[in-house]
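I would like to see how this sequence folds:
(one chain, ligands or ions: 1)
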Amino acid sequence: MIFYFSGTGNSKHVAQKLGELLGSQVKNIADYYEEVTTLKNFSIGVDKDDCLGFVSPVHSWGLSKTMSRFLKRTKINYQGKKIFAVMVCGDNCGKAREMLSETLKRNSGIECNFICSIQMPNNYIVMKGFGTDSDELAKQKLTTAELEIPKIAEAVKSGKTFDRYVIGTHPFLKGRIIYPLFMKFTMGDKKFFADDNCISCGLCEKTCPEKNISLKNGKPKWLGHCVKCLACIHRCPKKSIQYGDVTQEMGRYYYKN
Ligand SMILES: Cc1cc2nc3c(=O)[nH]c(=O)nc-3n(C[C@H](O)[C@H](O)[C@H](O)COP(=O)(O)O)c2cc1C
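The predicted structure is shown next:
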């Protein structure tokens, strides 16, 4: 079983491809939203002959909030040996690896020593100074990723590890100091709005994995529990969703087959 979370489709693609290559079922953890947010003792069993994998985007050099919450609130029962995780980043991952392994160990008693990273196109556009990659760089990342996914699958099958994890500079500062501040202070959704180009198609509501958008008079309304996956802003077909005055000139991205 491969559990994934994805805002703009990169991690979903990696998980699906690994699922095909490993003959394993792929599960979007957003589908467990109700259980994870309401139940005290939520547990999932995974067959010992299957593998146990996690695929998640890197957010602020750490784990995406949704994956972190899933691992904290779900007891995973697994007696098998094929355990792995893939951190899907734009550039580098800082402490995401440690956060995943520590949380999994603490809550489910599972040791995960195989955690690698894959670079895919950048989707962080809600802060000045950041933005999507050039078309050329995005294409290059996608081509390289396509070559690396089978290598990860091979390593999982043969019980080895795939030694590629791009940690980046100052991982402690970024992962242990900036990450908690980021999670505490930047998760708000008050700056999102739909401009006059909105056609009330409702795609933002449908794509939000956190059920944090509801249409009111045909326009999206953010409900206050955003995890900043940026699915809504990137998937809007009219580029009508904006974040304050930051995103008007920024590109948009989501994984297309
Ligand atoms: C809130 C947020 C924070 C991010 N932080 C990082 C980061 O620290 N390092 C990095 O390399 N990429 C970062 N990114 C980029 C994503 O990790 C990257 O684009 C990833 O491939 C997106 O995966 P997805 O399409 O499955 O959501 C961030 C993206 C978002 C939305």
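
Around residue 163, how many other residues sit close by?
Neighbourhood size, residue 163 [other Cβ atoms under 10 Å]: 8. (Glycine included, C-beta is placed from N, CA and C.)

Setting aside sequence-adjacent positions, which residue approaches it most closely?
residue 116 (7.2 Å; Cβ to Cβ, 6 or more residues apart in numbering).

now swap in residue 248 and tell me
Using Cβ to Cβ, 6+ apart, the closest residue to residue 248 is residue 242 (6.0 Å).

cool, residue 108 as well?
Going by Cβ to Cβ, 6+ apart, residue 108 has residue 76 as its nearest residue, at 4.3 Å.

what's the answer for residue 191, then?
Using Cβ to Cβ, 6+ apart, the nearest residue to residue 191 is residue 244, at 4.1 Å.

part of a strand, is the residue nearest to residue 163?
Yes. Assigned with DSSP: H, G, I helix; E, B strand; the rest coil, residue 116 falls within a strand.

burial measure for residue 74, as a count.
For residue 74, the count of nearby residues is 20 (other Cβ under 10 Å).

wait, doesn't it sit right on residue 32?
Yes. Residue 74 lies in contact with residue 32 (Cβ atoms under 8 Å); the separation is 7.2 Å.

and for these two, which residues touch both?
42, 44 (Cβ atoms under 8 Å, 6 or more residues apart in numbering).

need the contact list for the nearest residue to residue 162 once chain neighbours are set aside.
Using Cβ to Cβ, 6+ apart and skipping the chain neighbours, the partner closest in space to residue 162 is residue 155 (4.2 Å). When contacts are counted by Cβ under 8 Å, 6+ apart, residue 155 touches 84, 114, 161-162.

for the helix or strand containing the residue nearest to residue 248, packing partners?
Per DSSP states H and E, residue 242 falls inside strand 241-243. Contacts defined by 3 or more Cβ pairs under 8 Å, 6 or more residues apart in numbering; DSSP states H and E place strand 241-243 against strand 192-194, helix 231-235.
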